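K.L.:
Provide a 3D model corresponding to the input given below.
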Amino acid sequence: MMEKAIRTPLPSGGLGWTAIDQREIDAVTGLLKTPQKLFRYDEGEKRQCDLLERELCEKTGASHALFVASGTAALSCCLSAYEIGPGDEVIVPAYTYIATAAAVCDVGAVPVIAEIDYSLGLDPADVEKKLTPYTKAIIVVHMQGVPARLDAIRAVAVRHGLVLIEDCCQAIGATYHGDFCGVHSHAFAWSTNYYKVLTSGEGGVFFVRDDDAFQRGLYQSDSGMTMWKTSIESVLKVAPFSRSGVRGNEIAAAIMRVQLTKLDEILKKTRGLKKLLLSKLNAPAHYSMQYVDDPEGDCGFSVTFIANSREECKKMNAMLLEEGLALGSVYDTGFPDRHIYANWDSILNKNGATPLNYPWNDPAYKGDVSYSKDMCPQTLDILSRSLRFAINLNMTERNMLEVAEAINKVDAAM
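P.N.:
Numbering: from 1, shown residues only. Below is the predicted model of the structure:
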């Protein structure tokens, strides 16, 4: 019997959570030894959230950062920051976690779903087609750590005078033309949940460059913030409004401060492994690689092979499994992946929190958006032919060499 290409077991693991060590434990236990410092606000000294936000700005080059409860909350802050709400439409990609569309609904706006292309991010041409007189913003999502076609999408936003928000929840540390993704757009969001590049268990970060927009994001995150932090009232130019309650917490911030110091180390590992794997692949015959607009800015933890047809995808997947490499297509009709628009039942059915089904039935909304499970055929076609390999921090160069060997062997045999 011929030896399998995968001879070394592929280790399980992840990204941020796999990097947790005594430093995070010490940060949390140290905070718990002074429980009087567990509250997020204090007029007399900087708390963990305050320190984290300063360090995030220093790291990314952003003007403002606010630590909140989740990536979804951070996206809601991005939208509220630019007064996006009832009557507005926001373009979102057909391939992103449902939270991207949910954040749009959260502020009272209507999500409009656009196709992806071979970048697995927004297709700039379809974004143009989906624009209406009610379009206020575009949310571009950098899926799986890979920068989207940012130049082309930014050109669309500038041409039509739209707010551009970057959902970097899956792409902490990704860069574009040398700068952190997000810093040259109106606002951007990170998620720091368990699965992300950096983790605090749960959490998110709202980044923005405009002072007034930041103040609106503050109110979106915490309606009572000025009661606890009265000194901020002296610099506020925006009238307070009451919205949500998603402020970050001190324990998560303490964890995240340690994690942030590990970002370069984490990405050096993943980027190095991905580059090695890609360098060992032969010219493909039965697949193409995901298009990456800025390879140097890719976080490096995801490698996607796009087969020439669904049939070849299934055959390739089965043959790789025989070589000891289990991948599976990105779009599996048997699994309701909420990263794919066709499984966003609450959005497609226009289900609101009440029988009035806002935001779609809001009198302020004059548009007529329609949804269906097959409304983005290009997206479903690409995802149904996509096989993804996820790189984690426990993997080694030997693992990459064997994965490349398996891909080359199967492609040649097909």
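
K.L.:
how about the CA coordinates for the lowest-mean-pLDDT helix or strand in the chain, as PDB?
P.N.:
The helix or strand of the chain with the poorest confidence is helix 225-228; it has a mean of 74 (mean pLDDT, DSSP states H and E). The C-alpha coordinates for helix 225-228 follow below in PDB (Å, rounded to 0.1, in the frame of the first residue of the first chain):
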ATOM      1  CA  MET A 225     -21.200  56.400  30.600                       C
ATOM      2  CA  THR A 226     -21.200  60.100  31.400                       C
ATOM      3  CA  MET A 227     -22.700  59.400  34.900                       C
ATOM      4  CA  TRP A 228     -19.700  57.300  35.700                       C
END
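
K.L.:
from the middle of its chain, how far away would that helix be?
P.N.:
30 Å (C-alpha atoms, centre = their mean, to the nearest Å).

K.L.:
right, and the helix or strand after it?
P.N.:
helix 250-260 (DSSP states H and E).

K.L.:
average pLDDT across that next one?
P.N.:
Summarised as a single mean, pLDDT over helix 250-260 is 98.

K.L.:
Could you do stretch 10-21 as well?
P.N.:
Mean predicted confidence for stretch 10-21 is 98.

K.L.:
before we move on, back to that, and the least confident helix or strand of the chain, what's buried?
P.N.:
For helix 225-228, the buried set under the neighbour-count rule, 16 or more other C-beta atoms under 10 Å, comprises residue 225. (Glycine included, C-beta is placed from N, CA and C.)

K.L.:
do the same with stretch 54-65
P.N.:
With burial defined by 16+ other C-beta under 10 Å, the residues of stretch 54-65 counted as buried are 56, 60, 62, 64, 65.

K.L.:
Can you list the low-confidence ranges for this protein?
P.N.:
1, 229-236, 332-336 (pLDDT under 70).

K.L.:
mind listing the strands in it by residue range?
P.N.:
All strands of the chain, identified by DSSP state E, fall at 64-68, 89-93, 110-114, 135-141, 163-167, 175-176, 179-180, 187-191, 204-208, 287-289, 302-307, 386-390.

K.L.:
counting contacts, what elements does the fourth one pack onto?
P.N.:
Strand 135-141 is packed against strand 89-93, helix 99-106, helix 150-160, strand 163-167, with contacts defined by 3 or more C-beta pairs under 8 Å, 6 or more residues apart in numbering; DSSP states H and E.

K.L.:
picking up where we left off before, what's the closest of the strands of the chain to residue 75?
P.N.:
Proximity of the strands of the chain to residue 75 was assessed by C-beta to C-beta; the nearest stretch is strand 187-191, lying at 4.7 Å.

K.L.:
quick one, that closest one and helix 99-106 angle?
P.N.:
120 degrees (axes from the mean of the first three to the mean of the last three C-alpha atoms, to 10 degrees).
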